[in-house]
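Chemist: This is a predicted model, with the sequence first.
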Amino acid sequence: MTASYPALRLRRTRASAWSRRLHAETVLTPADLIWPLFVCEGPSSGGIVEQPIPSLPGVSRWSVDGIVARGREARGLGIPCIALFPYTQPERRTDDGREALNPDNLMCQAIRALKDAVPEVGVLTDVALDPYTSHGHDGLVDAAGYVVNDTTAEMLVAQALNQANAGADIIAPSDMMDGRIGMIRGALEADSHHNVQIMSYAAKYASAFYGPFRDAVGSRGLLKGDKKTYQMDNANAEEALREVAMDLAEGADTVMVKPGLPYLDIIVRVRQAFEVPVFAYQVSGEYAMIEAAVAAGAAERDVMVLETLMSFKRAGCSGVLTYHAAHAAKLLGG
């Protein structure tokens, strides 16, 4: 039995800042953040190139030297991991996405540069073909425009090995093909990449929140049709649990729910059902909405950023991929 009012006043512990800190049930630190970064080509002689992304105000593509500078910044702020996404030049995009297998592509260049300069910062790499295909899909398409599963999965295995050979710490398949986690895990083991982690985009929904990201990697104007035949229907929750169960059984170390805020219920259910590390991706559309609210004078950036990130931790996330990572880390004392 508990006391009742007035013997019990729940506001007592909220009355001062020190007490609120003492009684906080959830803690957010820079160590909870993963910083997504976009890689673009730079001059052959080296030097930093920055390409601002208009639909993601405050976010830019960076040449490899710029990515290294961001890696050093992450280290100084206490951000433990960087996620890389390439902007592939149009002339290197093909129907089969073969640039993904080039051991000297932008992704591999950035991985090697980061591991040479800041080896203590983790590098997470995206495994999917959409940054490399001329049609903008995450996989290979047949004559009818349908994204085929098994041949795509074979390409993803080769892409994952290419990135692991370059030094990637975490392979993160974002394609949503069936069976690819088991195939990638088997290939990593066979190639002696025993400690390379797999973070599966296990519950990735076909979402309206991805538009600015497609600008960032250069695929928005290329996409033919939509991705609803392989990314999840936003009406479904039980299916998300089946997807997570499949990927864990195939060897995923951690799983991701994407997007973030519209799917907090999925995060809660995954964490409760499986008791494994769950990550959320606060995607480009979520970032852009916060920045638009700030620009309109409708919100204060600092408090909105920290409140949304705290919501992911409260829902059960081990960590969050967010474009606000550096800003949040500074606010948190990183």
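Modeler: Cool, the structure landed.
Chemist: Could you give the average pLDDT over the longest helix along the chain?
Modeler: Assignment by DSSP state H gives helix 150-166 as the longest helix of the chain. Average pLDDT, helix 150-166: 98.
Chemist: can you pull the buried residues of it?
Modeler: Thr152, Ala153, Met155, Leu156, Val157, Gln159, Ala160, Leu161, Asn162, Gln163, Ala164, Ala166 (16 or more other Cβ atoms under 10 Å). Where C-beta positions appear, they are placed from N, C-alpha and C, glycine not excepted.
Chemist: likewise stretch 231-241?
Modeler: Neighbour counts over stretch 231-241 (16+ other Cβ under 10 Å) mark Gln231, Met232, Ala240, Leu241 as buried.
Chemist: Nearest to Ala128 among the buried residues of helix 150-166?
Modeler: Distance to Ala128 across those (Cβ to Cβ) is lowest for Leu156, with 7.4 Å.
Chemist: mind listing the helices for this protein?
Modeler: Under the criterion DSSP H, helices of the chain are mapped to 17-22, 64-77, 106-117, 150-166, 180-190, 211-217, 238-250, 264-274, 284-295, 301-315, 325-331.
Chemist: From Gly139, how far off is the spatially closest residue to His137 that is not a sequence neighbour?
Modeler: Closest residue to His137 apart from its sequence neighbours, by Cβ to Cβ, 6 or more residues apart in numbering: Val147 at 5.2 Å. Separation of Val147 from Gly139 (Cβ to Cβ, to the nearest Å): 4 Å.
Chemist: Glu286 reaches Leu261, doesn't it?
Modeler: Yes - judged on Cβ atoms under 8 Å, Glu286 makes contact with Leu261 at a distance of 5.6 Å.
Chemist: still on that earlier bit, would you list the helices of the chain in JSON lines and tack on distance to Tyr5?
Modeler: Below are the helices of the chain laid out as JSON lines (distance: least, Cβ to Cβ, whole Å):
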{"stretch": "helix 17-22", "distance to Tyr5": "19"}
{"stretch": "helix 64-77", "distance to Tyr5": "44"}
{"stretch": "helix 106-117", "distance to Tyr5": "56"}
{"stretch": "helix 150-166", "distance to Tyr5": "58"}
{"stretch": "helix 180-190", "distance to Tyr5": "52"}
{"stretch": "helix 211-217", "distance to Tyr5": "48"}
{"stretch": "helix 238-250", "distance to Tyr5": "40"}
{"stretch": "helix 264-274", "distance to Tyr5": "30"}
{"stretch": "helix 284-295", "distance to Tyr5": "37"}
{"stretch": "helix 301-315", "distance to Tyr5": "26"}
{"stretch": "helix 325-331", "distance to Tyr5": "36"}
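Chemist: I'd like to know which of those is closest to Gly58.
Modeler: That would be helix 284-295 among the helices of the chain, by Cβ to Cβ, at 6.5 Å.
Chemist: who does that closest one touch, helix- and strand-wise?
Modeler: When contacts are defined as 3 or more Cβ pairs under 8 Å, 6 or more residues apart in numbering; DSSP states H and E, helix 284-295 sits against helix 211-217, helix 301-315.
Chemist: Please tell me how far the spatially closest residue to Ala164 that is not a sequence neighbour sits from Gly167.
Modeler: Among residues not flanking Ala164 along the chain, His193 sits closest, at 4.5 Å (Cβ to Cβ, 6+ apart). Counting by Cβ to Cβ, the separation of His193 from Gly167 is 10 Å.
Chemist: what do these two both touch?
Modeler: Listed as contacting both His193 and Gly167 by Cβ atoms under 8 Å, 6 or more residues apart in numbering is no residue at all.
Chemist: State the phi and psi torsions of Gly42.
Modeler: phi -120, psi 180 (degrees, to the nearest 10).
Chemist: I'd say it and Ser63 touch.
Modeler: Yes - with contact defined as Cβ under 8 Å, Gly42 reaches Ser63; the gap is 2.7 Å.
Chemist: Please tabulate the buried residues of helix 150-166 in JSON lines, including the columns distance to Ala15.
Modeler: Output for these, formatted as JSON lines (distance: Cβ to Cβ, whole Å):
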{"residue": "Thr152", "distance to Ala15": "57"}
{"residue": "Ala153", "distance to Ala15": "57"}
{"residue": "Met155", "distance to Ala15": "59"}
{"residue": "Leu156", "distance to Ala15": "54"}
{"residue": "Val157", "distance to Ala15": "57"}
{"residue": "Gln159", "distance to Ala15": "55"}
{"residue": "Ala160", "distance to Ala15": "53"}
{"residue": "Leu161", "distance to Ala15": "57"}
{"residue": "Asn162", "distance to Ala15": "57"}
{"residue": "Gln163", "distance to Ala15": "52"}
{"residue": "Ala164", "distance to Ala15": "53"}
{"residue": "Ala166", "distance to Ala15": "54"}
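Chemist: and of those, the nearest to Ile111?
Modeler: Using Cβ to Cβ, these come closest to Ile111 at Ala166, 4.2 Å.
Chemist: Surely the closest one and Pro103 touch.
Modeler: Yes - Ala166 is within contact range of Pro103, at 7.0 Å (criterion: Cβ under 8 Å).
Chemist: can you tell me how far Pro103 sits from Leu306?
Modeler: As judged by Cβ to Cβ, Pro103 and Leu306 stand 40 Å apart.
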